[in-house]
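# pasting the sequence and the predicted model now:
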Amino acid sequence: MSDLGKKPELSDKLNRRLHTGESVYFSSATQYRTKETPNGRWVVKVRRTERGRPVRFPVKSFAKPEDAVKYAESTRPENRKEGGIGQVLVKSSTNDGIHTVGDLYEYCRAHTWKNLSRVRASAKEGRWKNHIEPYWGEWPLQTVRRRHAQEWVTEMEAKLQGEKGLSQLKECRIDLGGYFKTAIDMEFFEMLNPFENLQSIAPSMRARTTMESQDFANVMFVLDCLVERGLLVRWIADMFTIGMLTGMRHGEVMALRGKRIDLEKKAVLVDRALRRHARHVDEDGVPYGDVVPQALSYPKRGTQAEPRYRWVAVPDQLLPIMKRLKENGDGLVFGTADGKLKQAANFRIAWTTLCSRMTLVAKGEKTDNKDLNSVITLAKQRKIHLPNVWDKIVFRDTRNSFASYAAEVGIPEPTRMGLMGHTGDTVTFKSYTDITTQAFKDAQRRLSGGWKL
């Protein structure tokens, strides 16, 4: 009875194989009890002095004492492989052997990025070079404290203005927090993560740009003039008009297919959207294939269990465009010549052109382009005034314009939310509120009657 609960001890034979600073013991702590080892595991701790300074290695546990001793032996300088854990952090590249944040980054890059996609790895590398390395690269690892991290965040918040800049800073903080967590988890040093729970100002919301319904007709007229004179490609003008008059998202418009346009019902079924780094979805709503840079997938927040399809109303003013697009077939109406999704670069170039041309027409200033001058002159003759917002507008603003217009013509909020693909927070809205046929027809009528071409 006296031996009941006694912990196993390392045999003399195995104990003689250990060197100074290497300890192996049996632990029955909760974290070491598993299905395979219900009583506990053999734990290895290595703390030794190399080159006149202390060196620590990750604490590991093993089911067999022989494996634990082998791990302790593998940490010795003569047994370490080039590029291994010890080599990376013992052979520091800067500051005369003192570990730096740069050394930690190189270790994490070599050992913890293996499962990252090329896009994510490239983004992390870019953040390091542009925002992190200039400040932290040569900083001695053991001297980083929370106050230093907070000072850096405050300084960067003043430097990186705007929603995009603050978003970059947030990602930088996540990266640094992950690097330090790796070091702490491996017990290279004992400290709290200096990048956890830092104070930060809330990212400022991008100023929304909303066009008034009284400008819709003028905008469509000028877009047609630009297209007719070859100053703008037809598909970007159609995309902008559809977004403005239906409230569809950019990815949903890019993924619009001819077979989902119902001219008789005056509606469009939104069942697909362009998603980045996702899998394609087949006609049955089942994902297939590998993750690709851009895929024809579910609408925003959609999943296989809850795809989040919805119908959107098509105003009468938009029907001619929808009819022309449907005549092109059942496939992607804004696809490439071979029926595939357009690349993001194609959209950015066309969108920039649209905004720059509309800016010049809105200002009414003469240019070196004869065709563009004719559009400016025609607009002046017809007393057409465009809103001067094209230097700061983005495609997302078409949804702002639609939402404001839908409220203006008196469409009830639940119907507006349904048309735009939003959901309410209440159980009643999530579980029991749907757009009835009558409510949908009423919305279509109101959207068509609020303005005229």
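Received the coordinates, thanks.

# can you confirm residue 13 is in a helix?
Yes. Remark: residue 13 belongs to a helix, assigned using DSSP: H, G, I helix; E, B strand; the rest coil.

# next up, the contacts around residue 309.
Contact analysis of residue 309 by Cβ atoms under 8 Å, 6 or more residues apart in numbering lists 269, 270, 271, 299, 302. Where you see a C-beta, it was placed from the backbone N, CA and C, and this is true even at glycine.

# now those as CSV including neighbour count and secondary structure?
Shown next, in CSV, are those (neighbours: other Cβ atoms under 10 Å; DSSP: H, G, I helix; E, B strand; the rest coil):
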residue, neighbour count, secondary structure
269, 16, strand
270, 25, strand
271, 21, coil
299, 20, coil
302, 21, coil
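
# so which of the residues you listed comes closest to residue 22?
For the contacts of residue 309, the minimum distance to residue 22 (Cβ to Cβ) is 53.9 Å, reached by residue 302.

# look up phi and psi at that closest one.
In terms of degrees, to the nearest 10, the main-chain angles of residue 302 are phi -80, psi 150.

# my guess is it contacts residue 310, does it?
No. In this structure residue 302 lies outside contact range of residue 310 using Cβ atoms under 8 Å: 9.9 Å.

# OK, contacts around the nearest residue to residue 65 once chain neighbours are set aside?
Leaving out its chain neighbours, the residue that sits closest to residue 65 by Cβ to Cβ, 6 or more residues apart in numbering is residue 42, at 4.9 Å. If you count contacts by Cβ under 8 Å, 6+ apart, residue 42 has them with 10, 24, 25, 26, 27, 61, 62, 63, 64, 65, 67, 68.

# element containing residue 42, please.
Assessed by DSSP states H and E, residue 42 sits inside strand 41-50.

# shaky segments in the stretch 101-250 of the chain?
Applying pLDDT under 70 to the stretch 101-250 of the chain flags residues 161-165, 186-191, 200-207.

# need the helices for it, in chain order.
Assigned by DSSP state H, counting those that start in this stretch, the helices in the stretch 101-250 of the chain fall at 101-111, 118-127, 133-136, 146-159, 162-185, 216-228, 234-246, 250-254.

# packing partners of the last one?
Where contact means 3 or more Cβ pairs under 8 Å, 6 or more residues apart in numbering; DSSP states H and E, helix 250-254 is packed against helix 234-246, strand 273-281.

# and those: which comes nearest residue 172?
Each of those has some distance to residue 172 by Cβ to Cβ; the shortest is strand 273-281, at 20.5 Å.

# and that closest one, which strands flank it?
Strand pairing for strand 273-281, using DSSP bridges, gives strand 287-297 (antiparallel).

# now the strand it pairs with, how far from the centre of its chain.
On the basis of Cα atoms, centre = their mean, to the nearest Å, strand 287-297 is displaced by 16 Å from the centre of the chain it belongs to.
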